[in-house]
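Engineer: Structure for the following, please:
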Amino acid sequence: MASPETYTPPNHCIADFCLIPIGTSSPSVSETIADVERLVEKSGLKFLMHSCGTTLGRYMHIYSRSA
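Structural biologist: Residues are numbered from 1 along each chain as shown. Okay, here's the model as predicted:
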């Protein structure tokens, strides 16, 4: 597997994910979401955080209403 520094995802690469707490004392994931946001920002990937999760991709303008 290529390291994050050398891997370039294909132009059509899209991923969508959501966080669901399992085995925690609280249903809150706000701290984890903040950690994920910082990590994704650091990666340089384009992303869109929304009420149902986070979408990653190289052509996020297609999915953004503000574009």
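Engineer: per-residue pLDDT, Ile27?
Structural biologist: If you look again at residue 27, you'll see it is Pro, not Ile. pLDDT recorded at Pro27 is 83.
Engineer: dump the residue contacts of it.
Structural biologist: For Pro27, the contacting residues are Pro21, by Cβ atoms under 8 Å, 6 or more residues apart in numbering. In this view, the C-beta of every residue, glycine as well, is placed from N, C-alpha and C.
Engineer: quick one, phi/psi of it?
Structural biologist: phi -80, psi 0 (degrees, to the nearest 10).
Engineer: Can you give me the distance of it to Thr54?
Structural biologist: Distance, Pro27 to Thr54, using Cβ to Cβ, to the nearest Å: 18 Å.
Engineer: Same check on Val40?
Structural biologist: 7 Å.
Engineer: How about Thr32?
Structural biologist: For Thr32 relative to Thr54 (Cβ to Cβ), the value is 12 Å.
Engineer: next one: Ala34
Structural biologist: With Cβ to Cβ as the criterion, Ala34 and Thr54 are 12 Å apart.
Engineer: CA-only coordinates of stretch 27-44 in PDB, if you can.
Structural biologist: Extracted C-alpha coordinates of stretch 27-44, given in PDB (Å, rounded to 0.1, in the frame of the first residue of the first chain):
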ATOM      1  CA  PRO A  27     -23.700   8.800  22.000                       C
ATOM      2  CA  SER A  28     -21.800  12.000  21.400                       C
ATOM      3  CA  VAL A  29     -19.100  11.900  18.700                       C
ATOM      4  CA  SER A  30     -18.400  15.600  18.600                       C
ATOM      5  CA  GLU A  31     -14.700  15.300  19.700                       C
ATOM      6  CA  THR A  32     -14.100  12.400  17.300                       C
ATOM      7  CA  ILE A  33     -15.700  14.400  14.400                       C
ATOM      8  CA  ALA A  34     -13.400  17.300  15.200                       C
ATOM      9  CA  ASP A  35     -10.400  15.000  15.100                       C
ATOM     10  CA  VAL A  36     -11.500  13.500  11.800                       C
ATOM     11  CA  GLU A  37     -12.000  17.000  10.400                       C
ATOM     12  CA  ARG A  38      -8.500  18.000  11.400                       C
ATOM     13  CA  LEU A  39      -7.100  14.800   9.900                       C
ATOM     14  CA  VAL A  40      -8.900  15.200   6.600                       C
ATOM     15  CA  GLU A  41      -7.900  18.900   6.300                       C
ATOM     16  CA  LYS A  42      -4.300  17.900   6.900                       C
ATOM     17  CA  SER A  43      -4.600  15.300   4.100                       C
ATOM     18  CA  GLY A  44      -5.400  17.900   1.500                       C
END
